[in-house]
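Novice: Structure here, sequence nowhere to be found:
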């Protein structure tokens, strides 16, 4: 499938914006990637380019955190970490109506919490946490991602 000139122009502009954004956020991006002309873009990716051909893989500058170390242990499998279930928007709405509370009245979980990072939680989502309980069998609580 041959892309129209408008579609190629659109993808070219999107890629340029993404490169500028990545550079501003501290990723290694060469100036040539930002100053690339449309002709150079077409020469690199061809006129029959597909979106999946435009994958961008960049490394962050001055990133002191070892991202691999986060993956050495599956935090979800740790014995002290209870079961977590991410609620859908509909389940969240039902929960808030059932208990007549606002989402901000729920206990909170930081977006940087290891479990929140594991599930890729975003601010505003709600997670259901199910803990074993000696007296009740199980204890359910909800956390609002901030």
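Specialist: Cool, got the structure. What you see is a predicted model, and the numbers here were worked out from it, not measured in a lab.
Novice: quick check, residue 12 in a helix?
Specialist: Yes: counting by DSSP: H, G, I helix; E, B strand; the rest coil, residue 12 is part of a helix.
Novice: Not counting its neighbours along the chain, what's nearest it?
Specialist: residue 41 (4.7 Å; Cβ to Cβ, 6 or more residues apart in numbering). Bear in mind the C-beta positions are built from the backbone N, C-alpha and C, glycine included.
Novice: show me the contacts for that neighbour.
Specialist: Residue 41 makes contact with 8, 11, 12, 15, according to Cβ atoms under 8 Å, 6 or more residues apart in numbering.
Novice: and if we set it to 10 Å?
Specialist: 8, 9, 11, 12, 13, 15, 16, 49, 54 (Cβ atoms under 10 Å, 6 or more residues apart in numbering).
Novice: Tell me which helix or strand the nearest residue to the last one once chain neighbours are set aside sits in.
Specialist: Once flanking residues are discounted, residue 54 sits nearest to residue 15: 6.1 Å by Cβ to Cβ, 6+ apart. Here residue 15, judged by DSSP states H and E, is contained in helix 5-24.
Novice: what's that helix packed up against?
Specialist: helix 31-35, helix 38-45 (3 or more Cβ pairs under 10 Å, 6 or more residues apart in numbering; DSSP states H and E).
Novice: could I get those as a markdown table with mean pLDDT and distance to residue 84?
Specialist: Formatted as a markdown table, those follow (pLDDT from 0 to 100; distance: least, Cβ to Cβ, whole Å):
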| stretch | mean pLDDT | distance to residue 84 |
| --- | --- | --- |
| helix 31-35 | 93 | 39 |
| helix 38-45 | 92 | 41 |
